[in-house]
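Undergrad: any chance you can model this:
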Amino acid sequence: MKVHIVRASSCPAGAAEVKNTGNRQEADRPPGLAMVVYKEDKQGNGSADVTTDECFNCSPAGSETIDGIRFSESNITFKEVTSFQDFHIAVNGLIIDCEFSPDTRLKYYELCKTRSMFLHEHLLEGINCKLAAGIIIETVNIADAVQAAGPSTPEEDVAVWNRTLEAVGGLGMSVEFLRERLSCQVGHVSEADKRGDALQVKLLEVQEAARKFHAEIEALRRVDG
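TA: Okay, the predicted model is just below:
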């Protein structure tokens, strides 16, 4: 079976053909405009069903929703976000909040707040929404890891985090500040290790001097005796 989706004023002959569309809806259909779903079987027999907005799963704001992803009604800048309730993750005009757990979305909101911007706003134009969501999730995970990094953090892990941040940065994600934070964190750990090693050397030197001093005292006692 072939399915053609057309506007109410169009005819089946001018429709865009869609195979196996399931519940997919026409993205650019203006609100309130009826939509004709034209179905054609293998014998070429067709039938048309007219649907209206009532047939669509809509968000409270009135934007259509497909599999939890809804269309953004306007381009919102981060300056307009005054609280987490106003924070929505939009990619290519689609709000993809449903791709994230509440915890991940909250952490990403906090990260964006530190830079006063949507970190993903410069991702490559037309990037796949699933890929964009994966990039954001990985960024949040690495930010958590960097914050928890310490002297026992393996160098291999640090290298992987840095390479990953470099890769997503190449796709337009604003993560340079995380790379700097990682470098600073690792630098602090390295300096702490160096200071610890220096103190250990000093301690050994003091112990050796004390041992020699004790030996000299014992030698003097034997002479006096």
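Undergrad: can you give me the distance of residue 101 to residue 136?
TA: Counting by CB to CB, to the nearest Å, the gap from residue 101 to residue 136 is 12 Å. Backbone N, C-alpha and C define where each C-beta goes, glycine included.
Undergrad: now residue 217
TA: Applying CB to CB to residue 217 and residue 136 gives a distance of 69 Å.
Undergrad: so these two - more neighbours on which side?
TA: Set residue 217 next to residue 136 and count neighbours by other CB atoms under 10 Å: residue 136 wins out with 27 against 10.
Undergrad: so that one sits against residue 121, correct?
TA: No - here residue 136 does not reach residue 121: they are 11.4 Å apart, not a contact under CB atoms under 8 Å.
Undergrad: residues touching residue 97, list them.
TA: Residue 97 makes contact with 88, 89, 105 under the criterion CB atoms under 8 Å, 6 or more residues apart in numbering.
Undergrad: could you dump those residues to TSV with pLDDT?
TA: Converted to TSV, the contacts of residue 97 look like this (pLDDT from 0 to 100):
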residue	pLDDT
88	94
89	94
105	96
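Undergrad: could you pick out the buried ones from the residues you listed?
TA: For the contacts of residue 97, a neighbour count by 16 or more other CB atoms under 10 Å gives the buried set as 89, 105.
Undergrad: nearest to residue 95, of the contacts of residue 97?
TA: For these, the closest approach to residue 95 (CB to CB) belongs to residue 88, at 4.9 Å.
Undergrad: please identify the helix or strand for the residue lying closest to residue 137 once chain neighbours are set aside.
TA: Excluding the flanking residues, the one nearest residue 137 by CB to CB, 6 or more residues apart in numbering is residue 104, at 5.9 Å. Remark: residue 104 resides in helix 102-115, with elements defined by DSSP states H and E.
Undergrad: tell me the helices and strands packed up against that helix.
TA: Counting contacts by 3 or more CB pairs under 8 Å, 6 or more residues apart in numbering; DSSP states H and E, helix 102-115 packs against helix 129-148.
Undergrad: send me the helix it packs on as PDB with only the CA atoms.
TA: Only the C-alpha atoms of helix 129-148 are listed here, as PDB (Å, rounded to 0.1, in the frame of the first residue of the first chain):
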ATOM      1  CA  CYS A 129      18.400  14.800  16.200                       C
ATOM      2  CA  LYS A 130      19.400  11.500  17.600                       C
ATOM      3  CA  LEU A 131      23.100  12.300  17.100                       C
ATOM      4  CA  ALA A 132      22.600  15.800  18.600                       C
ATOM      5  CA  ALA A 133      21.000  14.200  21.700                       C
ATOM      6  CA  GLY A 134      23.800  11.700  22.000                       C
ATOM      7  CA  ILE A 135      26.400  14.600  21.800                       C
ATOM      8  CA  ILE A 136      24.600  16.500  24.600                       C
ATOM      9  CA  ILE A 137      24.300  13.400  26.800                       C
ATOM     10  CA  GLU A 138      28.000  12.600  26.300                       C
ATOM     11  CA  THR A 139      28.900  16.200  27.100                       C
ATOM     12  CA  VAL A 140      26.900  16.000  30.400                       C
ATOM     13  CA  ASN A 141      28.500  12.700  31.300                       C
ATOM     14  CA  ILE A 142      32.100  14.000  30.700                       C
ATOM     15  CA  ALA A 143      31.300  17.200  32.700                       C
ATOM     16  CA  ASP A 144      30.300  15.000  35.600                       C
ATOM     17  CA  ALA A 145      33.500  12.900  35.200                       C
ATOM     18  CA  VAL A 146      35.700  16.000  35.100                       C
ATOM     19  CA  GLN A 147      34.100  17.400  38.200                       C
ATOM     20  CA  ALA A 148      34.800  14.100  40.000                       C
END
